[in-house]
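>>> no sequence for this one, just the structure:
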């Protein structure tokens, strides 16, 4: 059977990489010929999880059409978050937990989205549906994905299905999910070793909001004041990035994974900043405190989408 | 719980109406508060199936926001095929078997699409997934939907899953599906009692093909030459419709449900007709024979989409 690639979004997180691995394994069991790849290097947290469960990081690709005709997407659907030449290949399957935007196909396809905290929670349902047994290491990487996306079940995106999935997968993976989960999240908070340019691109997504090009990056930390000591350097990196990529707004969400609060740094055009303030209140010195905000998908993108209308 | 409406596409067929009824029943069993409605009157074939299994035709609506905030879609996703004010309501669920196009949301949702012949085939899977028993009359209307969409399993859109679903649903509905299926299809072929204006709008869908507004209508008959005696009147009705609605191309697919062949009548701008001919070959006197073509979704829209690129 003709080979297909399976991958998550650009600037991959543990869901993008972990669920791609899990979906590729499932589809191969069902008779497809697939390979899980990634649209970027694994971040520290993902590398920690991959290592814990004995996986190599997937091969990194920038384009797909040079090697396959068909692809399967996990954890995203918006073209600008996908492989650069997504319009040159046929998407046959999508498993995702985000809004659907600018995703157009010429042919029917398999598409499963559920409004849950993590794509791996949906993936667990697919394994059950097809009656495929989940190996211990696959369960471990799926568990890691849910811990990552839900900040250990503390994000408001967390649903009852995510909680049940974590318990079920932790049992198969044979780990104490609370202990392992904190280790995993902390592995992703070491910002000291990285430049501001790297940090603002590590987990960043672009959104087309009513014609405006909006970039929302997020970093996890255990000490907010320490991170904010680098504020001026962050702002310079964001400004440089916005100028070269043409972003109308660049927001960096700095999230304390221990207490689930965030502070955001924001720059942009006057127009775009006015829309931002309509959504979140006034920004002082390019900074705004956002207590309780940890989810880009549920707490940032929907109010921004409304404000940019 | 807040009420939601469940409906299929405009100019509803047996899948649009039958699967809406089946999905509303399932969701109500799962604790939602839904009502199945339709975006138009039931056609003759659908009326025959509803009557056979003891259903009233669903209430017809043109707008949704005046009565609900949330809706569930079956058998379509493209906004121009949906309720007129689809942008004023939140889509919480979609179950469909078509390509995805111009379907944008601001929030995550439940979306299940599979490349099978009929939405009711997917619906059968959802009933099983949730462990909800299918009543005899619901099985009957789902069976009718699959017979309609697959032309009694003869359309090239038919998959193994559709065949299995038909057998399973026929058993629950307690009907001989081959005998009943022919009766149902024939009930939809009585074109003598309808005007050309009615016939070209009965099962018609609009598609945005690279900026061109393309209308594809289909009627089922048992005698092609008899239908073509009305060719001039069909062409006039199509031309009037195209002028008033601004269609760049209007294609009427006249399908013989007994031998699965079609003849198409086509009008449009020079540009659009050139694209059409690129896909299907030359049109003579606004007419073209399309042997073996019965599926708008699989055999008409994809080649047109490519040709309009």
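Yep, that arrived. Nothing here was measured: the structure is a model prediction, and the numbers come from that model.

>>> helices of the stretch 201-309 of chain A, residue ranges please.
For the stretch 201-309 of chain A, helices defined by DSSP state H, counting those that start in this stretch occupy the ranges A:224-228, A:231-245, A:270-280, A:301-307.

>>> give me phi/psi at residue A:129?
Main-chain torsions, residue A:129, degrees, to the nearest 10: phi -60, psi -40.

>>> which residues does it contact?
With contacts defined as CB atoms under 8 Å, 6 or more residues apart in numbering or on different chains, the neighbours of residue A:129 are residue B:129. Glycine gets a C-beta too; all of them are placed from N, C-alpha and C.

>>> where's it relative to residue A:123, distance?
When CB to CB, to the nearest Å is the yardstick, residue A:129 and residue A:123 sit 10 Å from each other.

>>> what residues does chain A put near chain B?
In this structure, chain A approaches chain B at residues A:97-115, A:129, A:297, A:301-302, A:305-306, judged by CB under 8 Å from any CB of the partner chain.

>>> take those and keep only those in helices.
When DSSP state H defines the helices, the subset of the residues of chain A next to chain B inside them is A:129, A:301-302, A:305-306.

>>> where does the prediction get shaky in chain A?
Scanning chain A for pLDDT under 70 picks out nothing.

>>> got the residue ranges for the strands in it?
A:4-7, A:34-36, A:70-74, A:90-96, A:110-113, A:204-209, A:212-221, A:249-256, A:261-268, A:287-290 (DSSP state E).

>>> give me the number of neighbouring residues for the closest residue to residue A:130 other than its chain neighbours.
Closest residue to residue A:130 in three dimensions, ignoring its sequence neighbours and counting by CB to CB, 6 or more residues apart in numbering or on different chains: residue A:30, at 6.1 Å. As a burial measure, the neighbour count of residue A:30 was computed by other CB atoms under 10 Å in any protein chain shown and equals 11.

>>> and residue A:30, how far is that from residue A:131?
Taking CB to CB as the criterion, residue A:30 is separated from residue A:131 by 10 Å.

>>> and residue A:176, by the same measure?
Residue A:176 sits 28 Å away from residue A:131 when distances are taken as CB to CB.

>>> now swap in residue A:253 and tell me
Using CB to CB, one obtains 40 Å as the distance from residue A:253 to residue A:131.

>>> which of these two has more residues huddled nearby?
Each of residue A:253 and residue A:131 has its neighbours counted (other CB under 10 Å); residue A:253 has more, 23 against 7.

>>> give the burial count for the nearest residue to residue A:305 once chain neighbours are set aside, as a bare number.
With CB to CB, 6+ apart as the measure, residue B:106 is the residue that lies nearest to residue A:305, at 4.4 Å, once sequence neighbours are left out. With neighbours defined by other CB under 10 Å, the count for residue B:106 comes to 17.

>>> could you do the one 10 residues further on as well?
By other CB under 10 Å, 24 other residues sit near residue B:116.

>>> I'd say it and residue B:122 touch.
Yes. Under the criterion of CB atoms under 8 Å, residue B:116 makes contact with residue B:122 at 6.3 Å.

>>> overlap in contacts, those two.
With contacts defined as CB under 8 Å, 6+ apart, the residues shared by residue B:116 and residue B:122 are residue B:97.

>>> just to revisit the earlier point, among the ones in helices among the residues of chain A next to chain B, which one sits closest to chain B?
Within those, the smallest distance to chain B is 4.4 Å, found for residue A:305 (CB to the nearest CB).

>>> which residues does that closest one contact?
Residues counted as contacts of residue A:305 (CB under 8 Å, 6+ apart) are A:207, A:209-210, B:106.

>>> would you list the buried entries among these?
Among these, those scoring as buried are A:207, A:209, B:106 (criterion: 16 or more other CB atoms under 10 Å in any protein chain shown).

>>> any chance of those residues in CSV, with distance to residue A:225 too?
Listed next are the buried ones among the contacts of residue A:305 as CSV, based on distance: CB to CB, whole Å:
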residue, distance to residue A:225
A:207, 29
A:209, 31
B:106, 34
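
>>> for the closest residue to residue A:228 other than its chain neighbours, give its distance to residue A:288.
Leaving aside its sequence neighbours, residue A:228 sits nearest to residue A:263 (CB to CB, 6+ apart; 6.6 Å). As judged by CB to CB, residue A:263 and residue A:288 stand 7 Å apart.

>>> who touches the residue nearest to residue A:305 in this structure?
With CB under 8 Å, 6+ apart, residue B:106 has these contacts: A:99, A:301-302, A:305-306.

>>> for those, pick the one with the most neighbours.
Of the contacts of residue B:106, residue A:301 is surrounded by the most neighbours, 23 neighbours in total, counting by other CB under 10 Å.

>>> from residue A:308, how far out is residue A:211?
For residue A:211, the distance to residue A:308 equals 8 Å [CB to CB].

>>> those two: who's more crowded?
residue A:308 (21 against 7).

>>> tell me the contacts of that one?
For residue A:308, the set of contacting residues under the criterion of CB under 8 Å, 6+ apart consists of A:209-210, A:212, A:214, A:272, A:275.

>>> please redo it, this time with the cut-off set to 7 Å
By CB atoms under 7 Å, 6 or more residues apart in numbering or on different chains, the contact set of residue A:308 is A:209-210, A:212, A:275.

>>> now residue A:3
For residue A:3, the contacting residues are A:33-35, A:68, by CB under 7 Å, 6+ apart.

>>> make it 8 Å
Neighbour list for residue A:3: A:33-35, A:67-68 [criterion: CB under 8 Å, 6+ apart].
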